[in-house]
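[1] Predicted model and sequence follow; I will ask about them next.
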Amino acid sequence: MNRMIERSLPDFLSDIIRIPSYSGQESGVARRIEAEMLRVGFDEVRIDRFGNVLGRIGSGPRLIAMDGHIDTVEIGNRDSWDFDPFSGEIRDGYIWGRGASDQKAGIAALVYAGYLMRSFQKELLPEEFTILITGTVSEEDCDGLCWRYLIEKESIRPELCVITEPTDGTIYRGQRGRVEISARMPGISAHGSAPERGVNAITRMADIVTSISDLSGTLPLDEFLGRGSITVSRITSAAPSLCSVPDSCEIYLDRRLTWGETPAAALEQIRALDSTGEMQVEIPEFTAPTHRGFVYPVLKEYPAWKTDPSHPAITAAMDAFESLFERKPEIGRWIFSTNGVAISGIYGIPCIGFGPGREEWAHAPNERVAIDQLYQAALFYAFYPQYYHRQRER
Ligand SMILES: [Zn+2]
């Protein structure tokens, strides 16, 4: 292992864990990452209008992107943590804190992979490539939006993208998609002392909620991505007072889409549960501003994606893995969602996943990442373009 990396990479990760960066509040961590990219010798670094940090190495005509989002979810209940979530403590072979696995380790490893590619450019980076390392924002609230911005507004169009969300030492090549759905059932309010005069919106909606639970096990199955799923994530109601029959009940759904399922069909499926046709069902819009105040309204729909196992992006990843770590990689998929929903799901750019950390530690208390995996990731990213280049020449 390169000395500089051995010393500086864990410290850098620890540093960026100590800078909280909830979605929409990433400016501090973005500036810290920008400074580190400049310090280790990237050719060009900038923060775009959306708020992403973009670091470039090389100037060849072919573009490879490597992506890590730099926002995190909140800490949840502080009492569930055994230590300060923003300590960034380095202990027992791990680095600890919110974002360690999801996914500040990924972006930290990318910055130091950039350092390696820059320092050993002749050996590591084929001349025809440019590497763009993207520290993207607002992923936790609207996965892929950052990349819709990069592709639509900055005209950045890589031939492939390495996604660095946690894969626990394996290579991933897909994930299910998802769509958020809201449904509102009307009722007729009446005095709570005489409920028979009204129509209770909660009671009406209760039948729908039961039907939704029944849907779960019956959704389509894809051999690789798994089965579609659905869960009610929120229920709210409104009434003139707490002593009234409610005249509105609204539910919110998290619907995961497997291969071949579309948001429109998922929406229809919910509409069909209400025989009266009175329930309003829709896909909400995402409209929250980024930390730079950029507003990019989109519907909250995120298509599934998978990259063919024989694609050079995947075979190159397997070759790089095997020769660096001297064992055969396993190929898997994420259970959760990533920026791949836009990069591959919408724009058809092949993606591969390799990232330090474990999916089960994401969004959980006592989050951490193994330092070994952090080093492995940096090495993998630094060597990947070379292996990809060889695959393409075959
Ligand atoms: Zn993530």
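    Perfect, I can see it now. Numbers count the residues shown, from 1 in each chain.

[2] Contacts only, for D15.
    R32, G88 (Cβ atoms under 8 Å, 6 or more residues apart in numbering). Heads up, the C-betas are built off the backbone N, CA and C, glycines and all.

[3] Wasn't it part of a strand?
    No - D15 is assigned helix when assessed by DSSP: H, G, I helix; E, B strand; the rest coil, not a strand.

[4] what's the spacing between it and the ion?
    Relative to the ion, D15 is positioned 19 Å away (Cβ to the ion, to the nearest Å).

[5] Read off the pLDDT value for that residue.
    Looking at D15, its pLDDT reads 98.

[6] Get me the contact residues on this protein for the ion.
    Applying Cβ under 5 Å from the ion, one finds that the chain approaches the ion through D102, Q103, E165.

[7] What strand or helix carries the last one?
    It stands for E165. For E165, there is no helix or strand it lies in under DSSP states H and E.

[8] That one contacts C351, correct?
    No - under the contact definition of Cβ atoms under 8 Å, E165 does not touch C351, with a separation of 10.4 Å.

[9] could you pull out the helices for this structure?
    3-17, 27-39, 105-119, 121-124, 145-153, 201-215, 263-271, 312-325, 340-343, 371-393 (DSSP state H).

[10] Quick check: which of those is nearest to R78?
    Proximity to R78, assessed across those by Cβ to Cβ, is greatest for helix 3-17 (15.8 Å).

[11] per-domain residue ranges of this structure.
    3-175+304-393, 177-286 (automatic domain parsing).

[12] Now the stretch 201-350 of the chain against the ion: closest residue?
    As assessed by Cβ to the ion, the ion sits closest to T338 within the stretch 201-350 of the chain, at 6.5 Å.

[13] Nearest residue to the residue in the stretch 51-200 of the chain positioned nearest to the ion in space, please, no chain neighbours.
    Closest approach between the stretch 51-200 of the chain and the ion, counting by Cβ to the ion: D102, at 4.1 Å. Leaving out its chain neighbours, the residue that sits closest to D102 by Cβ to Cβ, 6 or more residues apart in numbering is A362, at 3.5 Å.

[14] what residues are up against that neighbour?
    S101, D102, Q103, P166, F336.

[15] Now list the buried members of those residues.
    S101, D102, Q103, P166 (16 or more other Cβ atoms under 10 Å).

[16] Where does the prediction get shaky in the chain?
    1, 392-394 (pLDDT under 70).

[17] So R292 versus R32, what's the distance?
    For R292, the distance to R32 equals 16 Å [Cβ to Cβ, to the nearest Å].

[18] Mind checking which of those two has more residues around it?
    R32 (19 against 16; other Cβ atoms under 10 Å).

[19] Just give the nearest non-adjacent residue to the most centrally placed residue in the chain, would you?
    The centroid of the chain falls nearest to T338 when counting by Cα atoms, centre = their mean (2.8 Å). Leaving aside its sequence neighbours, T338 sits nearest to E165 (Cβ to Cβ, 6+ apart; 4.9 Å).

[20] R173 now?
    For R173, the spatially nearest residue (Cβ to Cβ, 6+ apart) is T307, at 4.5 Å.

[21] And for the one you found, the neighbour number?
    The burial count for T307: 21, using other Cβ under 10 Å.

[22] can you tell me which residues contact it?
    Neighbour list for T307: R173, G174, A313, I314, S344, P350, C351, I352 [criterion: Cβ under 8 Å, 6+ apart].

[23] and the residue nearest to T338, how many residues sit next to it?
    29.

[24] same deal with V29?
    Other residues close to V29 by other Cβ under 10 Å number 26.

[25] That one is in contact with I70, isn't it?
    Yes - using Cβ under 8 Å, V29 is in contact with I70, at 5.4 Å.

[26] where do the contact lists of these two overlap?
    Joint contacts of V29 and I70 (Cβ under 8 Å, 6+ apart) are I16, S21, K104.

[27] CSV please, covering those and showing distance to D274 and neighbour count.
    Shown next, in CSV, are those (distance: Cβ to Cβ, whole Å; neighbours: other Cβ atoms under 10 Å):
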residue, distance to D274, neighbour count
I16, 47, 25
S21, 41, 26
K104, 44, 34
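
[28] Kindly indicate which of those residues lies nearest G192.
    Using Cβ to Cβ, the shared contacts of V29 and I70 come closest to G192 at S21, 46.1 Å.

[29] from memory that closest one sits against R32, does it?
    No - between S21 and R32 no contact is recorded; they are 9.2 Å apart, counting by Cβ under 8 Å.

[30] which residues sit in contact with Y388?
    Contact analysis of Y388 by Cβ under 8 Å, 6+ apart lists I64, L160, P312, A313, A316.

[31] again, but for T164
    66-68, 103, 106-107, 109-110, 353-356, 377, 381 are the contacts of T164 under Cβ under 8 Å, 6+ apart.
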